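**Q** below are the sequence and a predicted model for it; my questions follow.
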Amino acid sequence: MSPFSRQAGREDIRQALEYAYGSFLRFSAMWALAGFGGAFLTVFLSFSKGNLDMSPLFREVTVGLAAALLGLGHSRYQYFLLENWPGRYAALRKAALGRRMPWSVQNGLAVAHPGRAKVLLAYAGGILLFLVLVVLLRQGLPLMGGIFFAEGGFFFARVLFWKRAFEQWKAEGIYDYSE
């Protein structure tokens, strides 16, 4: 049984998945590519200047992995919202196609649900732990490399998560996207 069948019609589910495909998967792929492109450039420039010390690279990779964990958590929460309130995302897609302000921006972005306070605490805790890690690694962490690895890690984790979700939905016959 599809998790979507509880609260929305087939057209709402299709619209919600169209929104998720464009906004979550494609958007994340674009930013992951930009992040890892910048990360490659910073590493290449560092090595071309004769700085062959691997310590900054390991620090950058550590920051990227920590950001990837944040990306996975964020994607998992969006997945939860998408499965349980697909009408919200369908309305966002319809508003975007009509070039109107999405109703969620007008009425607030939050979805009230049980456990929302725990989600907010988990977000805050994850961001705090990420910042603590950056502070601990600040000595020898190149600024631009850290930023690009964090961006690439965060969005690449989202790409992996959403790619798998769409492949699963395609296998179940819920959504057939074409690449």
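**A** The structure has been received and is ready for your questions. Quick caveat: nothing in here was measured; it's all calculated off a predicted structure. Numbering: from 1, shown residues only.
**Q** my guess is Leu72 meets Phe161, correct?
**A** Yes. Leu72 is in contact with Phe161 according to Cβ atoms under 8 Å; the separation is 6.0 Å. All C-beta atoms are positioned from the backbone trio N, CA, C, and that covers glycine.
**Q** what about Val111, how many residues close to it?
**A** By the criterion of other Cβ atoms under 10 Å, Val111 has 12 neighbours.
**Q** residues in contact with it?
**A** Applying Cβ atoms under 8 Å, 6 or more residues apart in numbering to Val111 gives the contacts Leu81, Trp85, Arg88.
**Q** SS state for it?
**A** coil (DSSP: H, G, I helix; E, B strand; the rest coil).
**Q** can you flag which of the contacts of Val111 belong to strands?
**A** Judged by DSSP state E, strands contain none of the contacts of Val111.
**Q** columns pLDDT, neighbour count and distance to Ser48 on top of these, output as JSON lines?
**A** Putting the contacts of Val111 into JSON lines (pLDDT from 0 to 100; neighbours: other Cβ atoms under 10 Å; distance: Cβ to Cβ, whole Å) gives the following:
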{"residue": "Leu81", "pLDDT": "90", "neighbour count": "16", "distance to Ser48": "44"}
{"residue": "Trp85", "pLDDT": "86", "neighbour count": "17", "distance to Ser48": "49"}
{"residue": "Arg88", "pLDDT": "83", "neighbour count": "19", "distance to Ser48": "48"}
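**Q** distance from the centroid: which residue in this protein tops it?
**A** Ranking residues of the chain by C-alpha distance from their mean position (Cα atoms, centre = their mean) puts Gly50 at the top, at 34.8 Å.
**Q** quick check: phi and psi on it?
**A** Main-chain torsions, Gly50, degrees, to the nearest 10: phi 90, psi 0.
**Q** could you measure from it over to Gly37?
**A** According to Cβ to Cβ, to the nearest Å, Gly50 and Gly37 sit 23 Å apart.
**Q** cool, and Asn84?
**A** Counting by Cβ to Cβ, the gap from Asn84 to Gly37 is 35 Å.
**Q** the two: which has the busier surroundings?
**A** Asn84 (16 against 12).
**Q** from Ala112, how far off is that one?
**A** Remark: distance between Asn84 and Ala112 (Cβ to Cβ) = 12 Å.
**Q** ok, Asp12 next?
**A** In terms of Cβ to Cβ, Asp12 sits 19 Å off from Ala112.
**Q** do the same with Leu141
**A** Taking Cβ to Cβ, one finds Leu141 at 39 Å from Ala112.
**Q** neighbour-wise, which of these two wins?
**A** Leu141 (20 against 6).
**Q** so how far is stretch 167-179 off the chain centroid?
**A** 20 Å (Cα atoms, centre = their mean, to the nearest Å).
**Q** CA atoms only: put it into CSV for me.
**A** This file holds the C-alpha atoms of stretch 167-179, laid out as CSV (Å, rounded to 0.1, in the frame of the first residue of the first chain):
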residue,chain,number,x,y,z
GLU,A,167,13.7,5.0,-8.0
GLN,A,168,11.7,3.3,-5.3
TRP,A,169,8.5,5.2,-6.3
LYS,A,170,9.2,4.3,-9.9
ALA,A,171,9.5,0.6,-9.1
GLU,A,172,6.3,0.7,-7.1
GLY,A,173,4.5,2.5,-10.0
ILE,A,174,3.8,5.6,-7.9
TYR,A,175,5.8,8.0,-10.1
ASP,A,176,7.4,7.6,-13.5
TYR,A,177,9.9,10.3,-14.2
SER,A,178,12.0,10.5,-17.3
GLU,A,179,15.6,11.4,-17.4
